[in-house]
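> Give me coordinates for this.
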Amino acid sequence: MKLMWIAALVLLFASLASLVSSQQSGRLIEESWAGSTNVLPDSKLNELQRAIPAYVTQVFLLLPEPLRQRFAAKTWKPIELITFRLLVLWHLTPALFIPVLVGFLEGSWVRANQKALIKMHSPMRFSLSLTVLGLTPILALLWVTAPVSVSANLLVFAIGTIALFGTRNLVVHSPTQF
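Predicted coordinates:
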């Protein structure tokens, strides 16, 4: 389990390093912007367009002056892309609660109707569902730092599906007595 968390964090840092080292951030911003027009309304996108440079400026103001001068030119576009994707993810978060609710309701229904089938919980499946739900934020952060263009629709579908089945299995296989 710890090895999986370490691997996920290493993958996250490698993705971030690849994003900063590649010079394709400008193209990725344009592709992410075009992909978000299907998900967010134009008024919200216009608001984000005005807010992103201010957020990036605030990020660079947190750095000491020598680091700011050294890294500002190389990392401005990647931080702009990360900021944009974080803001899109922030606005998509309510859409991710629906699969969790559906998974909880279905898991509760299945658990209530399994009286004769299963009297004990499955520790392995319970642990696996906890791991899946715990890795969901890592998957979202991988999307934020990915040096590839992945649509926000695909992100919501993937995280929603994982959250639906993870929540369902968590409820179905949870222990009845601690």
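
> Okay, Leu89 and Leu40: tell me how far apart.
11 Å (CB to CB, to the nearest Å). Where C-beta positions appear, they are placed from N, C-alpha and C, glycine not excepted.

> swap in Ser15?
23 Å.

> Where does the residue positioned nearest the centre of the chain fall, secondary structure wise?
By CA atoms, centre = their mean, the chain has its centre lying nearest to Ala140, at 1.3 Å. Here Ala140 sits within helix 123-145, counting by DSSP states H and E.

> next one: Asn46
Per DSSP H and E: helix 42-61 holds Asn46.

> Dump that helix to PDB, keeping only the CA atoms.
Output of helix 42-61 as PDB, limited to C-alpha atoms (Å, rounded to 0.1, in the frame of the first residue of the first chain):
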ATOM      1  CA  ASP A  42     -18.300  31.500 -21.500                       C
ATOM      2  CA  SER A  43     -18.800  33.900 -18.700                       C
ATOM      3  CA  LYS A  44     -16.800  31.600 -16.300                       C
ATOM      4  CA  LEU A  45     -14.000  31.200 -18.900                       C
ATOM      5  CA  ASN A  46     -13.800  34.900 -19.400                       C
ATOM      6  CA  GLU A  47     -13.500  35.300 -15.600                       C
ATOM      7  CA  LEU A  48     -10.800  32.700 -15.500                       C
ATOM      8  CA  GLN A  49      -8.900  34.400 -18.400                       C
ATOM      9  CA  ARG A  50      -8.700  37.600 -16.300                       C
ATOM     10  CA  ALA A  51      -7.900  35.800 -13.100                       C
ATOM     11  CA  ILE A  52      -5.100  33.400 -14.100                       C
ATOM     12  CA  PRO A  53      -2.300  36.000 -14.700                       C
ATOM     13  CA  ALA A  54      -3.100  37.500 -11.300                       C
ATOM     14  CA  TYR A  55      -2.900  34.100  -9.600                       C
ATOM     15  CA  VAL A  56       0.400  33.300 -11.300                       C
ATOM     16  CA  THR A  57       1.800  36.600 -10.300                       C
ATOM     17  CA  GLN A  58       0.800  35.800  -6.700                       C
ATOM     18  CA  VAL A  59       2.600  32.500  -6.900                       C
ATOM     19  CA  PHE A  60       5.800  34.100  -8.100                       C
ATOM     20  CA  LEU A  61       5.600  36.700  -5.400                       C
END
